[in-house]
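**Q** Pasting a predicted model and its sequence here:
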Amino acid sequence: MALRRAITKRLIDGYRSIGPSTNTKIFRQYVNSPNLMDRIIGIRIESVAPPPKREETTAVKGLSVSETKKLLRIYQTEKVKAKLREIPKSSICYLEFVQICRETCGNNDEQGSQMAKSLDHSGCVVVLGDIVFLHPHQIAKSMEAMINQSSTLPNDPRKEELYKLEMTKKCIDIKARRIVKAELYCGLGFLAAQTIGLLRLTFWELSWDVMEPICFFVTSLHFLLGYFFFLRTSTEPSFEGFYRQRFNTKQKKLMESHGFDVLRYTELNSLFAPLQCKSHVSAAYH
């Protein structure tokens, strides 16, 4: 329509600028010309072209619509991050995460889903299945530690460190075992002396009528000591339980006196021997 109006106006202006007779001749030439459409189309289209569209602007002076939308997305993203930082838990379910994004975006389901996906793609959160981890840096540190531990080289210097720690621990275990066995032999001597003393008092010094209640109270005292041992150590009051408890206690004291790094030993041991369930306080009981 705009092209037709421009052509008609052009013809009328040309007709007025030239005399009537001349106009009649020109009109007849145009009408009788076989190239009438070519001549009409030959008129400059630029003269009737619509003015270029101006980029829409918002109420904010100097900002386009796309720039305003970009700032709005940044604002919404920071608002969602602030809400996620307020959550004390390290992970939430995906539905709860999408709900937070939707509330920030004005209860718009589509924008909330897009916001959740953009946060996942940008690495602000980590979405694994139905769980959303809110602290990606913690996962990164854990992955880095796992990679460093799993990437062991043939000539890794940590193997030499582990070997030295194992030799130190072996010496500590041998020394602790000797001390505990010495204590057990002392206990054996005490029980033997007690039995001989009661036997002497029963048949030589006193009578059974006098020694019977004494033996009863001595037996009760032994039971009370066993019960007290169980309350303190949560270990069965048996000879084996007593041995293991005394060995662990002596081993711990010797490790502290020798400056043995138990945590480092456990870390290296789990790194180079992951299939062996070793404990840094395991007793080599024979």
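**A** Perfect, thanks for sending it. If you're wondering where the values come from, they're calculated on a predicted model, not measured in any experiment. Numbers count the residues shown, from 1 in each chain.
**Q** can you pull out the helices in this protein?
**A** Secondary structure of the chain (DSSP state H): helices located at 2-17, 20-32, 36-41, 65-85, 94-104, 109-122, 136-150, 157-200, 208-233, 239-258, 262-272.
**Q** For stretch 172-187, list every residue counted as buried.
**A** When burial is assessed from 16 or more other CB atoms under 10 Å, stretch 172-187 yields the following buried residues: Ile172, Asp173, Ala176, Arg177, Ile179, Val180. C-beta here means a position set from N, CA and C on the backbone, and glycine is covered the same way.
**Q** same check, this time on stretch 256-273
**A** Result for stretch 256-273 [16+ other CB under 10 Å]: buried residues Phe260, Tyr265, Leu268, Asn269, Leu271.
**Q** swap in stretch 134-144?
**A** Neighbour-count burial for stretch 134-144 [16+ other CB under 10 Å]: Leu134.
**Q** likewise stretch 210-227?
**A** Quick answer for stretch 210-227 (16+ other CB under 10 Å): Met211.
**Q** possible to save the helices of the chain as a markdown table with distance to Asp130 and mean pLDDT?
**A** What follows is the helices of the chain, written out as a markdown table (distance: least, CB to CB, whole Å; pLDDT from 0 to 100):
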| stretch | distance to Asp130 | mean pLDDT |
| --- | --- | --- |
| helix 2-17 | 58 | 58 |
| helix 20-32 | 76 | 52 |
| helix 36-41 | 64 | 50 |
| helix 65-85 | 17 | 78 |
| helix 94-104 | 5 | 81 |
| helix 109-122 | 13 | 78 |
| helix 136-150 | 16 | 67 |
| helix 157-200 | 38 | 90 |
| helix 208-233 | 44 | 90 |
| helix 239-258 | 43 | 90 |
| helix 262-272 | 30 | 82 |
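**Q** between these, which one is nearest to Gly129?
**A** Of all the helices of the chain, helix 94-104 sits nearest to Gly129, with 7.8 Å by CB to CB.
**Q** And for Phe133, the neighbour number?
**A** Residues lying near Phe133 (other CB atoms under 10 Å) number 14.
**Q** got the domain boundaries for this protein?
**A** When the chain is parsed with the TED database, its domains come out as 1-152, 157-272.
**Q** re the thing from before, of all the buried residues of stretch 256-273, which comes closest to Arg102?
**A** Distance to Arg102 across these (CB to CB) is lowest for Leu271, with 44.8 Å.
**Q** That closest one against Arg158, yeah?
**A** Yes: under the contact definition of CB atoms under 8 Å, Leu271 touches Arg158, with a separation of 7.2 Å.
**Q** separation between Leu134 and Gln111?
**A** Taken as CB to CB, to the nearest Å, the spacing of Leu134 relative to Gln111 amounts to 21 Å.
**Q** Same list, the buried residues of stretch 172-187, but as CSV with distance to Cys186 please.
**A** Conversion of the buried residues of stretch 172-187 to CSV gives the following (distance: CB to CB, whole Å):
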residue, distance to Cys186
Ile172, 21
Asp173, 21
Ala176, 16
Arg177, 15
Ile179, 11
Val180, 11
